Every structure is written in C-alpha cells, then in structure tokens.
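Asks: what's the 3D shape of this:
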Amino acid sequence: MRNQQTLASTVTCSGVGLHSGQSASVTLRPAPPDTGIVFVNRSADVDAYLPVSIEHKIPTELCTAIKGNGFQVQTIEHLLAALSGMDIDNAFIEVTATEVPVMDGSAAPFVRLIQSAGIVSQERKQSFLKIMAPIEITDGSKQVRIEPSPTPRITYSIHYDHPLIKTQTYDYDCSVGTFENEIAEARTFGFLQEVQALWARGLGKGGTLDNTVVLSGDGIVNQSGLRFDDEFVRHKILDLIGDFSLLGMPFIGHIVADRSGHALHTRLVQQILSQPDKWVLLNAESSEVTVHSNPYSTSRQPAVALQAS
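Replies: Purely as a prediction, here's the structure:
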C-alpha cells in the first residue's frame, strides 16, 4: 500500500475542445488527503465542486462527461487517465469552458503538466478496491469484465476491417512508468467518413490532424504517421483508465475488454459498485479489509467543504 499523492504546485495549460471547438484552459491544483479528483467551477459567486464519480456521469455519445452542482464538464477521460496513470489521488481541476481541451489527442501533454507541477506524498494511506469475483458487461459482441488478480492489469482487444488495425490486443500492467512509456502517447482516432459525418452534425469542431489520427480507406491521412504500430488499442486502454477514474479510487483486478468503449467502461464501474459482495476495500490506514457498499466515503466531503469555506 502506498501513501496518497497530490501535486506539488499549481499548473495550467490551454487548448481547444475536441467536440465544441471552444478554447479552454485547465488548471490543476493540489488538494488535501481524501479529497479525490474534483472539478471546480469558479464562474459563479460561490465556488461549486463536482467530484469525479460515477454518480455524476451523464449520457454522452463520444466522450465521458459529468454534471452536478450547477455545471458540467465533458471529454474528461484523457486528463483523468493522466492523473490516474501518474498515481495522483487528490487534485482540484478548474476548466474555463464546458469541455477539457483535447491537446494532441493523447494524455501525454497532461502527463508533462503533472510532471512540471511535481508530485508529493501525503500523510494518509491510499485505499484500494480489490475485486474478489468476476463482474461482466456484454452488449452483443462487445464485452468487458473485471476478475480477481493480485495486481491491476488491463487486457484490451479491438477488431476493425482496416489494414492498419485488423485485430489488435494489448496487455497492460498498471504502473506509472508503463503508463508514461506505453499508453500516455497514444492518440484518439477516427475514420475519415466518420469524422466528416461528425462535422456535418456540428460535432468534432476542434478535431484536426494535430489531435486525431484519421484513417482513410487503406492508411492514415496524418503525414506524421503513427506513434506505435498498435496505437489504436493503446488509446482504448487510455480511455478505459480515464473512465475507471469514476470508480473513485484505484482498483486491484484484471480488466478484460473486447470491442468495448466509453459506455461499457462506465457501465462496468456502475456494476462493480452495485455488487459489493464481489469486492473488498483495502484500507491500509486502519490495516483492515472491509466490505463497503460505496467507496465514496464521507471522509472526502469535509476536505472539499473546507476548501470551499
């Protein structure tokens, strides 16, 4: 078990929202132990706080979004993946628009932002949700499950009728170094006809070849090429890591996904929390293993309330 971690300083970056096309800045601030990851809206007279939680997820088509306390924020998965992948447990996030900027389409710019801020260990131990029995979600040929494992792992498979993808499978052992080197740089991708259809619907307004890998009939449109031969499946793992941040704490288990996506990822998070008989909460602070019906313990709320006062 490790101690909780937060940022050593406040850092900011700016970019454009993938779907809205709006310019936005993101500011990451240190947060006290047991805060979790919390979005902050400072545009009103009184600061509003929105914890990253499956309880606040709202239906979206092409990204992950949360809403509550009078505001919402979308396309949060790449930023959340960076925070999770770098073992940041507590942070306040301020976004000047309703969508997190896409940056280069990967989590790497956010990883560099976190590294520039520095990471500090906190006095409290981090709790972990340990899977004790399999939990699975299926939707036709799409499926995702989590099963017991001594360490956190993700195995992801995708299948596309395209010569650059076909079937790709990647096995990821969750660690900071592996995330930085193997996952963070993988960019979001889409097929040319799908991108054009999004533009026709008024979506994807911020999408460019600088932040999206666009596949043509037999190759990619981007002249810069791919960062990895299997960049596509690596990006799906990146998305899953971000989506699983809605669990509220790190997990210990093996996630196996096949043809999955945001919707199934978050449905699995919901199923995990609805079946507390299939997991235990490892609480190193008290040296106890407890069965808990909701990992969002009330201990997080006072930390947020204290900051708001």
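
Asks: so who does W279 touch?
Replies: Contact analysis of W279 by C-beta atoms under 8 Å, 6 or more residues apart in numbering lists L129, K130, I131, M132, A133, G253, I272, V291. All C-beta spots, glycine's among them, are computed from the backbone N, C-alpha and C.

Asks: Look up phi and psi at it.
Replies: Dihedral angles phi and psi of W279 (degrees, to the nearest 10) take the values phi -150, psi 160.

Asks: Look up the pLDDT of it for me, please.
Replies: On pLDDT, W279 comes in at 98.

Asks: Report the central residue of this structure.
Replies: Most central in the chain under C-alpha atoms, centre = their mean is G242, positioned 1.1 Å from the mean C-alpha point.

Asks: Doesn't that one lie inside a strand?
Replies: No - using DSSP: H, G, I helix; E, B strand; the rest coil, the secondary structure at G242 is helix, not a strand.

Asks: what about the helices in the stretch 201-309 of the chain?
Replies: Here the stretch 201-309 of the chain has its helices, by DSSP state H, counting those that start in this stretch, at 231-243, 262-274, 300-308.

Asks: right, so of these, which gets closest to N3?
Replies: Of all those, helix 300-308 sits nearest to N3, with 15.6 Å by C-beta to C-beta.

Asks: hmm, back to that, go through the contacts of W279 and flag which are in strands.
Replies: In this view, those that belong to strands under DSSP state E are L129, K130, I131.

Asks: can you list the domain ranges for this protein.
Replies: Domain ranges of the chain: 3-125, 129-283, per automatic domain parsing.

Asks: okay, those domains, which one's buried deepest?
Replies: For the domains of the chain, ranked by mean neighbour count under the definition mean count of other C-beta atoms under 10 Å, the leader is domain 3-125 at a mean of 19.

Asks: so how far does it reach from one end to the other?
Replies: End-to-end distance for domain 3-125: 4 Å, by C-alpha to C-alpha, to the nearest Å.
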